[in-house]
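Student: How does the following fold in three dimensions:
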Amino acid sequence: MTPRRSLLLVPALACGLAAQAPPSVALPPELDRVLRDYERAWSAKDPEALARLFTAEGMALPSGQPPAQGAASIRQAYAQHAGSPLALRALAYATSGDLAYIIGGFAPAPGQPDLGKFVLVLRRGAGGRWLIAADMDNANQRRPAPPPPSRQD
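Tutor: Numbering: from 1, shown residues only. Just a heads-up that it's a prediction; the model follows:
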């Protein structure tokens, strides 16, 4: 038997209706700093600055790419894709001791519709500065499916 909750989701998905984007939430300054530093480094196409936002064993999990772990791998992953305008907004967050998360959306400029969403897992480093332990993002639009292989008779 299908759970009742699933039945409520099917009509919206079947009709192709998009859910309304949740409103932004205000972050405490120390967490907001992570997003603003990320925006600046990304827009400047500065993979070195992006890698410094991560813990030593941090992982970047960008959409459409394999995972990148550690500064060298993160620099390499972001060197290919960083450089476009970026505006990050928080949809939810929580902190507990030295761990935190931020769930958010990203767009090319503030106030524009989100092109995708992200989850940041943060760990408080030496000196109390929040660093990214994991960064996962994906686009709101699916990539077109590759064409089927041509038949050779």
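
Student: Residues in contact with stretch 47-57: which ones?
Tutor: If you take C-beta atoms under 8 Å, 6 or more residues apart in numbering as the criterion, stretch 47-57 is touched by 34, 37-38, 40-42, 60, 69-72, 74-76, 78-79, 82, 123, 125, 131-133, 135. (Each C-beta comes from the backbone N, C-alpha and C, glycine too.)

Student: same question, stretch 67-74
Tutor: Residues outside stretch 67-74 that contact it (C-beta under 8 Å, 6+ apart) are 47, 50-52, 54, 56-62, 76-78.

Student: distance between the ends of it?
Tutor: 9 Å (C-alpha to C-alpha, to the nearest Å).

Student: returning to what we had before: closest to Ala107 among the contacts of stretch 67-74?
Tutor: Of all these, Ala107 sits closest to Pro62, with 16.5 Å by C-beta to C-beta.

Student: related to what we said a few turns ago, I'd like to know which of the contacts of stretch 47-57 are part of strands.
Tutor: Under the assignment DSSP state E, the contacts of stretch 47-57 contribute Ala60, Gln69, Arg123, Leu131, Ile132, Ala133, Asp135 to strands.

Student: The fifth one against Val121, yeah?
Tutor: Just to be clear, that refers to Ile132. Yes: Ile132 is within contact range of Val121, at 7.3 Å (criterion: C-beta atoms under 8 Å).

Student: Can you pick out the residue with more neighbours from those two?
Tutor: Ile132 (23 against 16; other C-beta atoms under 10 Å).

Student: Next one: Thr55 from Gln69, what distance?
Tutor: For Thr55, the distance to Gln69 equals 10 Å [C-beta to C-beta, to the nearest Å].

Student: Would you map the strands across this structure?
Tutor: 54-61, 68-69, 87-96, 99-107, 116-124, 130-139.

Student: Provide the strand pairings for the fourth one, with the direction of each partner.
Tutor: Applying DSSP bridges, strand 99-107 is found paired with strand 87-96 (antiparallel), strand 116-124 (antiparallel).

Student: same check, this time on the second one
Tutor: Strands that pair with strand 68-69, judged by DSSP bridges, come out as strand 54-61 (antiparallel).

Student: mind checking how far the partner strand is from the chain centre?
Tutor: 13 Å (C-alpha atoms, centre = their mean, to the nearest Å).
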